[in-house]
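Chemist: next come a sequence and a model predicted from it.
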Amino acid sequence: MTTYRIKVRVTQEEHPRTQVLEFDHAPLAIGALPRNDIVLDDERVSGDHAIVTVSRRALLLEDISRNGTFVGGKKVQSLKLRAGEEVVIKPYRLAFELELLAVDRSTLTEKPPAGPRVDAMLTVIDGPTDVLRKAFTVTGERMRIGRAPDADAPIPEPTLSRLHAEVVRVAPGRFVVRDLKSANGTFVNGEKTRFSPLRAGDRVTLGDRVTLAFSLEASPAPPAEPAVPAKPSA
């Protein structure tokens, strides 16, 4: 159940115009590439520029860019955002507002509606022959990929880091990939990234020898419990 809403006011400094966006999920990916949640179309903006997450009822900003992210005139790497604080990613200014939504307590004892669960699948389409065409499914909250035997998705390729990258479920049917400070990098559709949303059909490349195809699959809904007949009245 959604418990918060994030409002973002985006202003282009050089051609003054403001756009207001609303999201009911996090993390939010910011950058110039179209796959981001907030797309800033300017050559000075990195393809994957920054990430905004929600933690303990606060917004956390993390810079992953080449040209920097600024708050209060200072370049920042990571920062807890205060109410009304503006984030500058030249030539844009972004103001974030986190709105906590009221919880309808009358629904807390109800079971979630039945329906198919959407999981992610990553299929090796280029890599070592012993895992070629092997499919790894993200059934939990995250899946770590690497050459370590105890990785969730172990791939015996020397150019991979022990724990190279992870795929994280951030909302129903929504997944992101995060590079785990690997030696040889993580790429989505040929673009190097430290964090990126994933969409069906994307190609995730780890280093230069392993590529996985990302897809979504719906698991069947659990069978409905049989109704309990009412007891006859006396």
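Modeler: That came in fine, so what should we check first?
Chemist: tally of neighbours for Glu166?
Modeler: Neighbours of Glu166 under the rule other C-beta atoms under 10 Å: 20. Any C-beta I mention is one placed from the backbone N, CA and C, and that applies to glycine too.
Chemist: what's the helix or strand for it?
Modeler: For Glu166, the element it lies in under DSSP states H and E is strand 165-171.
Chemist: quick check: bridge partners of the most centrally placed residue in the chain?
Modeler: With distances taken as C-alpha atoms, centre = their mean, the chain has Val176 as the residue nearest its mean C-alpha position (3.3 Å). Val176 has the following beta-bridge partners by DSSP bridges: Val168, Pro197.
Chemist: roughly how far apart are it and Glu62?
Modeler: Between Val176 and Glu62 the distance, using C-beta to C-beta, to the nearest Å, works out to 13 Å.
Chemist: enumerate every residue touching the residue nearest to the centre of the chain.
Modeler: Remark: with contacts taken as C-beta atoms under 8 Å, 6 or more residues apart in numbering, Val176 is in contact with 27, 29, 167-168, 170, 195-198.
Chemist: just the buried members of those?
Modeler: Neighbour counting with 16 or more other C-beta atoms under 10 Å marks 27, 29, 167-168, 170, 195-198 as buried within the contacts of Val176.
Chemist: what residues are bridge-paired with Ala218?
Modeler: According to DSSP bridges, Val118 are recorded as the beta-bridge partners of Ala218.
Chemist: that one - how many residues pack around it?
Modeler: Other residues within reach of Ala218, judged by other C-beta under 10 Å, total 11.
Chemist: ok, it touching Val118?
Modeler: Yes: shown here, Ala218 and Val118 form a contact pair, counting by C-beta atoms under 8 Å, at 5.4 Å.
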